[in-house]
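>>> Could you look at this predicted model? Sequence included:
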Amino acid sequence: MRRFGRSAAFVTALALAAVSAAACSSSGSTSSGGGDGSGSFKDVLHDIHAVTQTSDYIEYGATAQVTKLTGTTKPAASGPFSHMQGIGADQLFQYWSLLPPLTGFDSTAVTSAITVGNPPNAVGILYGGFDPAAIGAKLAAWGYKKQDRGGGTTAWISNDDHKIDMTKLDPVTGVGPGMTGWLNVIWVSRTSIAYGGATSDLAAALPAQSKPLSGDNVVSSLADCLGSPLGAMVLTDPKTIGNSAATGVAFGVTATSASDAREEICVAASAAAGAQTIATAFTKAVTTGTDLVQNNPWSKELTDPRTDVLGGSAHVVRLSATSADQQSGLVFRLVEDDDFGTLLGWPFQSTGRPLPSDTSSGQSSD
């Protein structure tokens, strides 16, 4: 994922940025980010249907807030919040300079972004203010076919059903309609843009239908625990969590400036007594334990550990610390490396969870 290891495609995008940025600035068809629509973590959870596909993995980014803190929509080479850029829309962010002139919308200029589910069924949603007519003109020119979804939403389809047409991809940049399956289907309205590999995936996730993610007890309790994060990842798949002591784990960063940034982990324990056990283990790990993946004492990565047993029906405990190197987003590296268990007092293990940034999200149509 781009926060701790940029892909080759991302490096190519950086190399071609000057040319692409010029094209983008003259197109006049990118979204007007920072619109008046909803965009907070709890708000976007209210918009998405609570099914296993969507609740197993959730990644959220408060894009406009992160942009304000970094001072740029372009990838920042350094700074305390550079690792927070693109969270919630990782795949789009990797092509931040190449895709906007072709799609008519810019993921770096939105209010917030969220990705739910694992590949190949992952669905991404951008929130902000958009011009459906301008975006539609760009997508039509790029070869997408139009379909009215009703309710002010228009679907644009390149391929469907997770198919990939490699012949449409530029051999140098890897850019083309549908990309590697994850941009096959795009739903456009004035306040949101949803995208994924298949119409069936988007239809399962949107709209919220009978029960939203905000109505799921574990997800909602973890969201309440995080509050208003700049970025968040939520895990509820038992195989991903890797320990029966928890029914869900959420990771986030909260900050209004570099001086008050905190790395947060919220755990929904399987039993009430387990919450305190996890709190005690966290404090011990940060002060005297070892990060087995990085082969470092945790105290060199995290400082000022704090715990708060919130309880409730989901038995939630909030754990927080400050990043020792002043780089916000260390908790997300823990998810990527399957490196969080020892902080919670669990035996180390690597679960190999597939990530939404994986590009092999579809099947070839060749």
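Looks like it came in fine.

>>> What segments of the stretch 1-150 of the chain are strands?
Listed in chain order, the strands of the stretch 1-150 of the chain (DSSP state E, counting those that start in this stretch) span 57-61, 112-116, 123-127, 145-150.

>>> ok, now the stretch 251-366 of the chain?
Using DSSP E, counting those that start in this stretch, the strands of the stretch 251-366 of the chain run over residues 262-269, 290-291, 296-297, 302-311, 316-323, 363-364.

>>> The third one: partners in the sheet, and parallel or antiparallel?
Just to be clear, that refers to strand 296-297. strand 290-291 (antiparallel) (DSSP bridges).

>>> Can you say which of the strands of the stretch 251-366 of the chain is packed in most?
Across the strands of the stretch 251-366 of the chain, the average number of neighbours (mean count of other CB atoms under 10 Å) peaks for strand 262-269, which reaches a mean of 24. C-beta coordinates here come from the backbone N, C-alpha and C atoms, glycine included.

>>> who's in contact with it?
218, 221-222, 225-226, 229, 245-255, 275, 277-278, 282, 302, 314-323, 328-331, 340, 343-344 (CB atoms under 8 Å, 6 or more residues apart in numbering).

>>> Throw the strands of the stretch 251-366 of the chain into CSV and include distance to Ser210 and mean pLDDT, thanks.
What follows is the strands of the stretch 251-366 of the chain, written out as CSV (distance: least, CB to CB, whole Å; pLDDT from 0 to 100):
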stretch, distance to Ser210, mean pLDDT
strand 262-269, 22, 98
strand 290-291, 42, 96
strand 296-297, 46, 96
strand 302-311, 28, 98
strand 316-323, 25, 98
strand 363-364, 30, 54
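
>>> List the single closest residue to Val234 in space, sequence neighbours excluded.
Once flanking residues are discounted, Val234 sits nearest to Ile58: 4.0 Å by CB to CB, 6 or more residues apart in numbering.

>>> cool, and Asp237?
Asp237 sits nearest to Asp56 (CB to CB, 6+ apart), 4.1 Å away.

>>> Now, of the contacts of strand 262-269, which are buried?
Buried members of those, scored by 16 or more other CB atoms under 10 Å, are 218, 221-222, 225-226, 229, 245-255, 275, 278, 282, 302, 314-323, 328-331, 340, 343-344.

>>> Can you list the low-confidence ranges for this protein?
Judged by pLDDT under 70, the chain has its weakly predicted residues at 1-38, 350-366.

>>> And it, split by domain according to the record?
Using automatic domain parsing, the domains assigned to the chain come out as 8-211, 216-344.
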